[in-house]
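Asks: Please work out how this folds:
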Amino acid sequence: MKQDDLKKLKSGTDIRGIAVGDHVTLTDEAVTAITKAFCFWLAKKFNKPELKIAVGNDTRISAPRISKAVISALISCGADVIYTGLSSTPSMFLLLKESNFGCDASIMITASHLPYDKNGLKFFTPDGGLSSRDIDALLLIAAEDKYPVGAGRYFERSFMDEYSRILVEKVEDVCGLRPLEGKKIIVDAGNGAGGFFAEKVLVPLGADIDGSLYLEPDGNFPNHVPNPEDRKAIEGLSKRVMETGADLGIIFDTDVDRAACVDKGGEEINRNALIALLAAILLPEKRGVIVTDSVTGVHLTEFIESLGGTHLRYKRGYKNVIDKCRELNESGMYSPVAIETSGHAAFPENYYLDDGAYLMTKILICLSQQAKKGETLSALIKDFKRPAEEAEVRIGFNQDSRDFKAEGDKVIEDLKRADFEISTDNFEGVRIITGTGSIVVRMSVHDPVMPINFESDEAGGCKKEAIKLMDFFKEYGFLDLTNLINFID
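Replies: Here you go, the predicted structure:
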């Protein structure tokens, strides 16, 4: 395949494309070429011609086609394959660390929270997920058509039962057997791969899961987008928690590397509030640096500092915040967690793996401990101030814009020199300090869009600041300001 066509499938540290419909880009040919390139890259990296690779997938309707292409490609390169079937993304890494599978690497077939017609490939070695540079190397190999040739073997074995037991034991080690006895916990899996958490984690811990939502795998995602940031999904979970009198609601994305929750009474614990809760759990144990993405709010910084911690806003992208957390710890500066507002959270004690299910085990331990004191989870963040308003508006680029990244970077640099108060505590885009909150303007990690995140302590404050930005942005003809205009109107 042509390298330019392959490059279009790169999405940060993953491969993603259209997998269903009339305009498929993630074709069998592309999947085969990239998978074979992974074999070549692995054999060279580990100096090991005989490889064993695990392959798993989430619930997407294109998973059977793509998994078949991946497995055939691996076997044709001489690699042995263990097909794990329906799996979570974190489990596909953990099996390289805490199983007797004996695998050298793994491939997860997923496109995370993207719509049903998308799919992709995510690659792991025992060192973790591949970097953006590694993906570039794979695509170059795929374009050069350099592959090993052989005849590997095929096996089937699920890891999800073992993975679930690992999570159960992490809670039991701290809280004892069946610590959730008498607790009702609702899980919304969004018809993705997260349904296992209810039956295989919560039930063994003693929880009542009656009333849980969309646990059945269905790659059409008929009920809502499986995304903890989706407003419809969060509101539905909150409603179910209140209807059933549950003590906690948990929501996962499709492949379970992200999560959020709803406390007793339906109070959402997501984004900044979720980070605040983790800070309240972790910092009393040992003070350190909480690493987040760039769009977290001012009040979160205040809350973290009130607990004796330090807040470091870093570049958007879960791999960026994870790598920064690792870097800090390796330099001798303690950092207990890396977390994005999207729900990606990684802990040093769990191999720096962004795992929504592991994140929720930390919450379950806290829930059990709080219950013994007659308190709720929200009691831990009662002093965390929430803004009156939060909003995200995504600015596009006109179709004749040929180099949206360069154009977007120019807008951001011009913003820094304009008549705005600019925060110096910033690693990405520009953070504007307003009279009632803040604005973050940055370029998307993956897409030709410029997200703007508003936060205001004043009702109507986001709209006021949006009007000021409109006056600045309207000078740039290559920007598509439709979404900002609609937000203001």
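Asks: what secondary structure does Ala466 sit in?
Replies: Using DSSP: H, G, I helix; E, B strand; the rest coil, the structure places Ala466 in helix.
Asks: Give me the distance between the nearest residue in space to it that is not next to it in sequence and Glu458.
Replies: With sequence-adjacent residues excluded and distances taken as Cβ to Cβ, 6 or more residues apart in numbering, Ala466 is closest to Ile488, at 5.2 Å. Every C-beta, even on glycine, is put in place using the N, C-alpha and C of the backbone. Ile488 is 16 Å from Glu458, where distance means Cβ to Cβ, to the nearest Å.
Asks: List the residues that contact Tyr163.
Replies: 88, 90-91, 94-95 (Cβ atoms under 8 Å, 6 or more residues apart in numbering).
Asks: Switch those over to a markdown table; also include distance to Ala466 and secondary structure.
Replies: Formatted as a markdown table, the contacts of Tyr163 follow (distance: Cβ to Cβ, whole Å; DSSP: H, G, I helix; E, B strand; the rest coil):
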| residue | distance to Ala466 | secondary structure |
| --- | --- | --- |
| Ser88 | 38 | coil |
| Pro90 | 37 | helix |
| Ser91 | 42 | helix |
| Leu94 | 43 | helix |
| Leu95 | 47 | helix |
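Asks: which of those sit farthest apart?
Replies: Taking Cβ to Cβ, the two most distant members of these are Ser88 and Leu95; they sit 10.6 Å apart.
Asks: Compare those two (neighbour count), which wins?
Replies: Neighbour count, other Cβ atoms under 10 Å: between Ser88 and Leu95, Ser88 has more, with 31 against 26.
Asks: quick one, strands of the stretch 351-489 of the chain?
Replies: Taking DSSP state E, counting those that start in this stretch as the test, the strands found in the stretch 351-489 of the chain are 353-354, 389-397, 421-422, 430-433, 437-441, 450-456, 479-480.
Asks: how about TSV for these, with mean pLDDT and mean neighbour count added?
Replies: TSV is the format used below for the strands of the stretch 351-489 of the chain (pLDDT from 0 to 100; neighbours: other Cβ atoms under 10 Å):
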stretch	mean pLDDT	mean neighbour count
strand 353-354	96	23
strand 389-397	93	18
strand 421-422	92	12
strand 430-433	93	20
strand 437-441	93	23
strand 450-456	94	23
strand 479-480	94	18
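Asks: Reformat those strands as a markdown table; add distance to Pro336.
Replies: Output for the strands of the stretch 351-489 of the chain, formatted as a markdown table (distance: least, Cβ to Cβ, whole Å):
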| stretch | distance to Pro336 |
| --- | --- |
| strand 353-354 | 14 |
| strand 389-397 | 25 |
| strand 421-422 | 30 |
| strand 430-433 | 24 |
| strand 437-441 | 24 |
| strand 450-456 | 25 |
| strand 479-480 | 40 |
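Asks: Thr59 is nearest to which of those strands?
Replies: Nearest to Thr59, of the strands of the stretch 351-489 of the chain and by Cβ to Cβ, is strand 353-354 at 19.4 Å.
Asks: Name every strand pairing with the closest one and say which way it goes.
Replies: Sheet pairing of strand 353-354 (DSSP bridges) gives strand 345-347 (antiparallel).
Asks: For the partner strand, what does the pLDDT average out to?
Replies: Averaging pLDDT along strand 345-347 yields 97.
Asks: Need the contact partners of it.
Replies: In contact with strand 345-347 (Cβ under 8 Å, 6+ apart) are residues 259, 274, 278, 318, 321-322, 325, 336-339, 352-356, 358-359, 362.
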